[in-house]
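J.: below is the sequence, then the predicted model.
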Amino acid sequence: MNPLLDHLNAPQLAAVTLPPAHALILAGAGSGKTRVLTTRIAWLISTGQVAPPGVLAVTFTNKAAKEMQTRLAAMLPINVKGMWIGTFHGLCNRLLRAHYRDAGLPQLFQILDSADQQASVKRLLKSLNVDDEKFPPRELCHFINAQKEQGLRAAAVEAYDDWARKRVALYEAYEAQCQREGVVDFAELLLRSYELLERNEPLRRHYQERFRHILVDEFQDTNKLQYRWLKLLAGGGANLFCVGDDDQSIYAFRGADVGNMADFEREFKVQNLIRLEQNYRSEGNILDAANAIIRNNPTRLGKNLWTEAGSGEPIRIYESYSDGDEARWIVEEIKALSRDGHARAEIALLYRSNAQSRALEHALFNAGLPYRVYGGLRFFERAEIKHALAYLRLIANTDDDTAFARVVNFPARGIGARSLENLQDAAKAANSSLHAAIPQVAGAGGVKLAGFAQLIVKLHEAAHLPLPELVDHVIELSGLRAHYKNEKEGQERLDNLDELINAAASFVAEEGTPNQDGEITGEFGNDLSSFLAHASLEAGEHQAGEGDDALQLMTVHSAKGLEFNVVFISGLEDGLFPHENSMSEDKGLEEERRLMYVAVTRARQRLYLSFAQTRMLHGQTRYNLPSRFLDEVPEELVKWLTPRAGKGGFAVSSAPTYPATPRRSESSGGSGFRIGQSVMHAKFGLGVIVNAEGSGTDARVQVNFGHAGMKWLALSVAKLEAA
Ligand SMILES: Nc1ncnc2c1ncn2[C@@H]1O[C@H](COP(=O)(O)OP(=O)(O)OP(=O)(O)O)[C@@H](O)[C@H]1O
Ligand SMILES: [Mg+2]
């Protein structure tokens, strides 16, 4: 038998070796979906059923794409570099680079990340004199992206009142601005390449005939437009092989639609529906906990996972007084784990929201423990990096107004707001880019702007340099290096800029010049523009120190598909996880529960769950109840590391469990209740006092009742009892 097929169980083997046909692999976490998908690619190629260029594989992150390539390279004696394996964004970018003319884009079009997009919208509102309180840029971006994700251009969006019509008009103006500047946002990458294939029949045929096998991982999290994109590409008779898990659908808030699974089954008349139920990742207790949690969701396709592994260790739960205490405890625990021989890279710290990482990072930093944060403030999103990239973008395209506006006066060169306004007016009058309008500005401001234009010319002259040298040169010539040298805490920024040079070097070394697999065009763009695209798309998955033995910090969302020997899930508090925005409606809560399921199923051997009674978040101290998800873990699987306090619904301890910070005993206006105290209300049940105001007959307290939510109660009326 083909050694590729060793170690597969029967349904996995069936999935890997299906004769060419559409297939849906529906299976729970850790059952080998990704492994099956990768092995199938290897099997199809090694048995000569398809050549490498005939495969298109979509993964969820760049990291996953790289991992897939590495695994394939280990299984097959072929060059996997040129293969079309990537994220939707990455693949669309590749398509648009290859056919930029047909797509109506400049050769060196630039990609706007979310922050760039917002800046661009802000600039638009300003130039149109639109009140950004009526149309907050963030919401406008959200609206625009949502339209694009449904495949709707401004002209196709319906609007029934003035405000909605204005919003659509702004969408249209934004599109025009992007087109003029030669930039595309993330949603545009997808929509533009969809339209390209839809409208350009020869091109569509070419790709339809080329890709014989299209394989999609994490299919449950595709949105409508992505699904249509897949359908279009598969329209020439390709075989669509999708793997997914409805229980892990966690991107509904971004337009993902689990309904795609049912649509796929129906529209493609899928005959091969394969379920995998054996889990190879987690030990028994962890798996049982995950199964128990997800069982509380009423709308599931339904499946249960089992494992041959023993029950393993109990799930450890820890309660702390504050987020700081929680972080310090995690540090101590990690030190102990290290002493026991656990590699740091095999330990993951997961949290619901990025803001939570601060306390953890602080404690890890103080303890001198190396760590890597995925997501959060990503490398390529740091201010100094974005400044340097903006200069590079201006080399590639002087009409890129977002980049222009970012650095025209950074480092400061005396170009004031007044001159910039004049420049903007001139650009608007001439319908040109900011850069092109410079000669129109008179006076001293005009002279300074001309100086900036000179700088861009000089940078341009260096464009022939090898990429890492070019980056170095730009950092120097732009004055960024000198600027940060003079800044008090500029060293870290200088280090990051050096890291950008390294990133450019490793980019050139790794990517080489793509396109060795017989693309129909040789116009993939040059190193600079591919590097810039990479910087926008990579989303921080590369960071300084990659490969070191560092702890892995990330949100649960970014942990999807990954696995670790030890997992900490911290901040398990109602309002945080489940997140308060999603607690009020069933659908939201179900998505949070799926998120919890994803989090728990990342662990192989050991799982820690922790929560804090108080937490500083966004500059405010919050008093929280333990997450309801903790109650959903069967007691027999659990070992409490702190006394299990409070019976029944919520475990609220009355004593500080970690002695590092003295417990505060704020009184609530002489009412006899204190903040942090547990109370009982006849209607709302058990809660925790989180805030207090007034005194005497006017005394009011705010109570977090968990399921019943947060309430202000007048003590003279509400009959509250100490619990
Ligand atoms: N037949 C098998 N024998 C041994 N190990 C296996 C087998 N199948 C999968 N594994 C291992 O189990 C782990 C989980 O597999 P994989 O990541 O492919 O699961 P998944 O279904 O994609 O999980 P997720 O839903 O979290 O993405 C991996 O370490 C994988 O190598
Ligand atoms: Mg997977």
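T.: Sure, I can see it. Ligands and ions are numbered 1, 2, ... in the order given.
J.: quick one, longest strand in the chain?
T.: strand 603-617 (DSSP state E).
J.: give the buried residues for it.
T.: For strand 603-617, burial by neighbour count (16 or more other C-beta atoms under 10 Å) applies to 603-615, 617. Just so you know, the C-beta spots here come from the backbone N, C-alpha and C atoms, and that holds for glycine as well.
J.: relative to the whole chain's centre, how far out is it?
T.: 21 Å (C-alpha atoms, centre = their mean, to the nearest Å).
J.: tell me which strands that strand pairs with, and in which orientation.
T.: strand 315-322 (parallel), strand 564-569 (parallel), strand 620-623 (antiparallel) (DSSP bridges).
J.: what distance separates the start and the end of stretch 714-723?
T.: One end of stretch 714-723 sits 18 Å from the other (C-alpha to C-alpha, to the nearest Å).
J.: the strands paired with strand 603-617: which one's closest to residue 362?
T.: strand 315-322 (12.3 Å; C-beta to C-beta).
J.: which element follows that closest one toward the C-terminus?
T.: Heading C-terminal from strand 315-322, the first helix or strand you meet, by DSSP states H and E, is helix 323-339.
J.: same for that following helix, what does it pack against?
T.: Using 3 or more C-beta pairs under 8 Å, 6 or more residues apart in numbering; DSSP states H and E, the elements in contact with helix 323-339 are strand 315-322, strand 347-351, helix 357-366, strand 564-569, strand 603-617.
J.: buried residues, that helix. List them.
T.: Going by 16+ other C-beta under 10 Å, helix 323-339 has these buried residues: 323, 324, 325, 326, 327, 328, 329, 330, 331, 333, 334, 337.
J.: ligand 2: which of the residues you listed is nearest?
T.: Set against ligand 2, the nearest of these by C-beta to the ion is residue 337 (25.2 Å).
J.: who touches that closest one in this structure?
T.: Residue 337 sits next to 347, 566 when contact means C-beta atoms under 8 Å, 6 or more residues apart in numbering.
J.: what's the neighbour count on the closest residue to ligand 1 within the stretch 201-350 of the chain?
T.: Closest residue of the stretch 201-350 of the chain to ligand 1, C-beta to the nearest ligand atom: residue 280 (3.2 Å). For residue 280, the neighbour count with other C-beta atoms under 10 Å is 17.
J.: that one should be in a helix, yeah?
T.: No. Counting by DSSP: H, G, I helix; E, B strand; the rest coil, residue 280 is not part of a helix but coil.
J.: what strand or helix carries the closest residue to ligand 2 within the stretch 51-200 of the chain?
T.: Using C-beta to the ion, residue 64 is the residue of the stretch 51-200 of the chain that sits closest to ligand 2, at 7.8 Å. Counting by DSSP H and E, the element that carries residue 64 is helix 62-75.
J.: hmm, that helix touching ligand 1?
T.: No. Applying C-beta under 6 Å from any ligand atom, one finds helix 62-75 separated from ligand 1 by no less than 8.9 Å.
J.: show me what counts as buried in that helix.
T.: 62, 63, 64, 65, 66, 67, 68, 69, 71, 72, 75.
J.: mind listing what the next helix or strand after that helix pairs with, with the direction of each?
T.: Remark: after helix 62-75, the chain's next helix or strand is strand 84-86, criterion DSSP H and E. Paired with strand 84-86 in the same sheet, following DSSP bridges, are strand 55-58 (parallel).
J.: can you give me the buried ones in the partner strand?
T.: Those would be 55, 56, 57, 58, for strand 55-58 by 16+ other C-beta under 10 Å.
J.: show me the domain layout of the protein.
T.: 10-101+190-278, 110-181, 315-370+542-640, 380-538, 677-722 (the TED database).
J.: dump the ones you listed into TSV; add distance to residue 3 as well.
T.: Shown next, in TSV, are the domains of the chain (distance: least, C-beta to C-beta, whole Å):
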stretch	distance to residue 3
domain 10-101+190-278	9
domain 110-181	41
domain 315-370+542-640	24
domain 380-538	26
domain 677-722	54
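J.: nearest to residue 308, of those domains?
T.: Among the domains of the chain, domain 10-101+190-278 sits nearest to residue 308 (C-beta to C-beta), with 7.1 Å.
J.: quote the end-to-end distance of the closest one.
T.: Domain 10-101+190-278 end-to-end distance (C-alpha to C-alpha) = 10 Å.
J.: could I get the average pLDDT for it?
T.: Here domain 10-101+190-278 scores 93 as its mean pLDDT.
J.: roughly how far does the residue of the stretch 201-350 of the chain closest to ligand 1 sit from residue 353?
T.: Look at residue 280 and residue 353: by C-beta to C-beta, to the nearest Å, they are 30 Å apart.
J.: give me the buried stretch members for stretch 118-126, please.
T.: 118, 119, 120, 121, 122, 123, 124, 125.
J.: which of those come close to ligand 2?
T.: Applying C-beta under 5 Å from the ion, the subset of those adjacent to ligand 2 is empty.
J.: next step: these restricted to helices.
T.: Of the positions in the buried residues of stretch 118-126, 118, 119, 120, 121, 122, 123, 124, 125 sit in helices, assigned by DSSP state H.
J.: can I get the buried residues of strand 603-617 in CSV with distance to residue 6 and pLDDT?
T.: Converted to CSV, the buried residues of strand 603-617 look like this (distance: C-beta to C-beta, whole Å; pLDDT from 0 to 100):
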residue, distance to residue 6, pLDDT
603, 26, 98
604, 21, 98
605, 24, 97
606, 29, 98
607, 30, 98
608, 34, 98
609, 36, 98
610, 40, 97
611, 43, 96
612, 47, 94
613, 51, 91
614, 53, 89
615, 48, 87
617, 49, 73
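J.: most widely separated two among the residues you listed?
T.: For these, the maximum inter-member distance is 31.9 Å, found between 604 and 614 (C-beta to C-beta).
J.: for whichever residue of the stretch 551-700 of the chain sits closest to ligand 2, give me its contacts.
T.: Among residues of the stretch 551-700 of the chain, the one nearest ligand 2 by C-beta to the ion turns out to be residue 561. It sits 4.3 Å away. Contacts for residue 561 (C-beta under 8 Å, 6+ apart) come out as 34, 60, 61, 64, 217, 218.
J.: and the angle for the longest strand of the chain with helix 357-366?
T.: 110 degrees (axes from the mean of the first three to the mean of the last three C-alpha atoms, to 10 degrees).
J.: export strand 603-617 to CSV, keeping only CA atoms.
T.: This file holds the C-alpha atoms of strand 603-617, laid out as CSV (Å, rounded to 0.1, in the frame of the first residue of the first chain):
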residue,chain,number,x,y,z
ALA,A,603,-5.4,21.1,24.1
ARG,A,604,-3.7,17.7,23.8
GLN,A,605,-2.9,16.8,27.4
ARG,A,606,-3.5,19.6,29.9
LEU,A,607,-6.2,22.2,30.1
TYR,A,608,-6.4,25.1,32.5
LEU,A,609,-9.5,27.3,32.9
SER,A,610,-9.2,30.4,34.9
PHE,A,611,-11.2,33.5,35.9
ALA,A,612,-10.8,36.6,38.0
GLN,A,613,-13.3,38.4,40.2
THR,A,614,-12.1,41.8,39.0
ARG,A,615,-10.5,42.8,35.8
MET,A,616,-9.1,46.1,34.4
LEU,A,617,-10.4,46.4,30.9
